[in-house]
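**Student:** my questions concern the predicted model and sequence given below.
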Amino acid sequence: MSLSERTATSAGAALEAKLVQGIDQIPAAIWDACVGPEQPFLCHAFLAALEDSGSACRETGWLPLHLVVERQGQLLGCAPMYLKSHSYGEYVFDWGWADAYERAGGRYYPKLQVAVPFTPVPGPRLLLRPGAAAEPDAIIHAMVSAAEELGVSSLHVTFCREDEWARFGEAGLLTRTGTQYHWFNRGYETFDDYLGSLKSSRRKTIRKERARVREQGLVLEAMTGAQLTPDIWDAFYPFYRATVDKRWGNAYLTKRFFRQLGQLMPERVVLIMARHHGRYVAGALNLLGNDTLYGRVWGCRQEFEFLHFEACYYAAIEFAISQGLARVEAGAQGMHKLQRGYEPTPTYSAHWIRDPGFRSAVARFLDQERRSVAAERAELRQHLPFRQVGP
């Protein structure tokens, strides 16, 4: 569908915004040229796996309405956008906003979400084709125009980059911050080098935890590329379901999604699988970016001491060091990550709200929340396990 809004450039040519109901309607090469190689979750193959597998679709409350900005039929910029009928699978929670608005007599859903479904990974949201004569502000303007024309209550841009967050704020959107835990490679050549940067007590604890994993007869293997056979995905899927059943009760990702991921982008997948006496018992899924390993989902159908820490954190750090990666992003939540050297790192989102009164109330809340989040992050940094060097 085309939006009625058109934006004139200084040269007099018009930019036209369109909403596209499915990533398959946009050529992969053109979309990926806008995304770049930085982050795997925005690439055409990943979004196609989500949509084609039935994980992100109308039936699951994630109707694709990807934004495309064109001039004379040539795509200049885009954004991954979905019409949402709920707030599940977003990780920047607005349940309280929805409840307050509906108790006041409003209708919060549907809303527009600019994000990667089920993926709390920071990355660009204003995707511009290299060399295109278009500004990020044109995409922001088109997003808001889409929200206005569709008549939705709100537009939410989650896990955007900090520079984009500033642009959204300048464009009048409300700005929000959060915290995730990321590990940074400070030139370590081995895992022992990394351990050497920690306080003695934490270094000893981590060594004991890793030793206990081995003592239980567990062997871990990092798989990628051609190693990711259908049998491996069939072995991994019950682990994912075990975590879902324990925590959320609703499996967002289908078995077909994981198989398609292995078929469409195997070189970007790093799957840590754990064997116990020759039988797979657990797995942790990571995706590989240019300089970052992104931890995503984990599962285990048996209880083993410290296996979660080994598969999700220590093995990821070891892999990153071996490959010369700059960091590991382990997502939200968890003092347990902090004590293993994953540092509290800010995340950013931006929000447009149609109702002026409700917008004012949310703005007041966000002013307080930003201060609270910043103070909490500063406090968390005081509990990092690194030893002090120098005076």
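**Tutor:** Great, that's in hand.
**Student:** now the end-to-end length of stretch 124-139.
**Tutor:** The straight-line separation of the ends of stretch 124-139 (CA to CA, to the nearest Å) is 12 Å.
**Student:** what comes up buried for that stretch?
**Tutor:** 124, 125, 126, 127, 128, 129, 132, 134, 135, 136, 138, 139 (16 or more other CB atoms under 10 Å). C-beta here means a position set from N, CA and C on the backbone, and glycine is covered the same way.
**Student:** bridged to the fourth one, which residues?
**Tutor:** Okay, so that is residue 127. Beta-bridge pairing of residue 127 under DSSP bridges involves residue 78.
**Student:** all the strands of the stretch 1-150 of the chain, residue numbers only.
**Tutor:** With DSSP state E, counting those that start in this stretch, the ranges of strands along the stretch 1-150 of the chain come out as 2-8, 14-20, 62-64, 66-71, 74-79, 81-84, 111-114, 127-128.
**Student:** winner for burial among these?
**Tutor:** strand 111-114 (a mean of 26; mean count of other CB atoms under 10 Å).
**Student:** what pairs with that one, and is each one parallel or antiparallel?
**Tutor:** Counting by DSSP bridges, strand 111-114 is paired with strand 81-84 (antiparallel), strand 154-160 (parallel).
**Student:** including distance to residue 294 and mean pLDDT, could those strands go into CSV?
**Tutor:** Supplementary listing: the strands paired with strand 111-114 in CSV, determined by distance: least, CB to CB, whole Å; pLDDT from 0 to 100:
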stretch, distance to residue 294, mean pLDDT
strand 81-84, 20, 98
strand 154-160, 12, 98
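**Student:** show me where the stretch 1-150 of the chain has helices.
**Tutor:** For the stretch 1-150 of the chain, helices defined by DSSP state H, counting those that start in this stretch occupy the ranges 28-35, 44-52, 95-103, 136-150.
**Student:** which other helices and strands does the third one contact?
**Tutor:** Same thing as helix 95-103. helix 356-381 (3 or more CB pairs under 8 Å, 6 or more residues apart in numbering; DSSP states H and E).
**Student:** next one: the helix it packs on to chain centre, how far?
**Tutor:** In terms of CA atoms, centre = their mean, to the nearest Å, the centre of helix 356-381 is set 21 Å apart from its chain centre.
**Student:** need the distance between the two termini of stretch 107-119.
**Tutor:** 26 Å.
**Student:** distance from the chain centre to that stretch, please.
**Tutor:** 14 Å.
**Student:** swap in stretch 140-150?
**Tutor:** 23 Å.
**Student:** ok, stretch 308-316 next?
**Tutor:** 19 Å.
**Student:** mind listing residues that contact that stretch?
**Tutor:** Stretch 308-316 has contacts (CB atoms under 8 Å, 6 or more residues apart in numbering) with 183, 191, 206, 209-210, 213, 218, 220, 222, 272, 274, 282-284, 286, 293, 295, 298, 300, 328, 330, 336-337, 340, 342.
**Student:** ok so, going back, closest to residue 198 among the buried residues of stretch 124-139?
**Tutor:** Residue 198 has its nearest neighbour among the buried residues of stretch 124-139 in residue 124, at 32.9 Å by CB to CB.
**Student:** gap between the residue nearest to that closest one when sequence neighbours are not counted and residue 119?
**Tutor:** Once flanking residues are discounted, residue 124 sits nearest to residue 161: 5.6 Å by CB to CB, 6 or more residues apart in numbering. According to CB to CB, to the nearest Å, residue 161 stands 15 Å off from residue 119.
**Student:** those two - which one has more neighbours?
**Tutor:** residue 119 (26 against 16; other CB atoms under 10 Å).
**Student:** give the contact list for the more buried one.
**Tutor:** Residues near residue 119 by CB under 8 Å, 6+ apart: 41, 159, 296.
**Student:** any chance of the strands of the stretch 1-150 of the chain in JSON lines with distance to residue 231 as columns?
**Tutor:** Shown next, in JSON lines, are those (distance: least, CB to CB, whole Å):
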{"stretch": "strand 2-8", "distance to residue 231": "46"}
{"stretch": "strand 14-20", "distance to residue 231": "35"}
{"stretch": "strand 62-64", "distance to residue 231": "29"}
{"stretch": "strand 66-71", "distance to residue 231": "34"}
{"stretch": "strand 74-79", "distance to residue 231": "36"}
{"stretch": "strand 81-84", "distance to residue 231": "32"}
{"stretch": "strand 111-114", "distance to residue 231": "35"}
{"stretch": "strand 127-128", "distance to residue 231": "36"}
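**Student:** between these, which gets nearest to residue 31?
**Tutor:** Using CB to CB, those put strand 74-79 closest to residue 31, at 6.5 Å.
**Student:** rewinding a little: report the buried members of the contacts of stretch 308-316.
**Tutor:** Buried, going by 16+ other CB under 10 Å: 183, 191, 206, 209-210, 213, 218, 220, 222, 272, 274, 282-284, 286, 293, 295, 298, 300, 328, 330, 337, 340, 342, out of the contacts of stretch 308-316.
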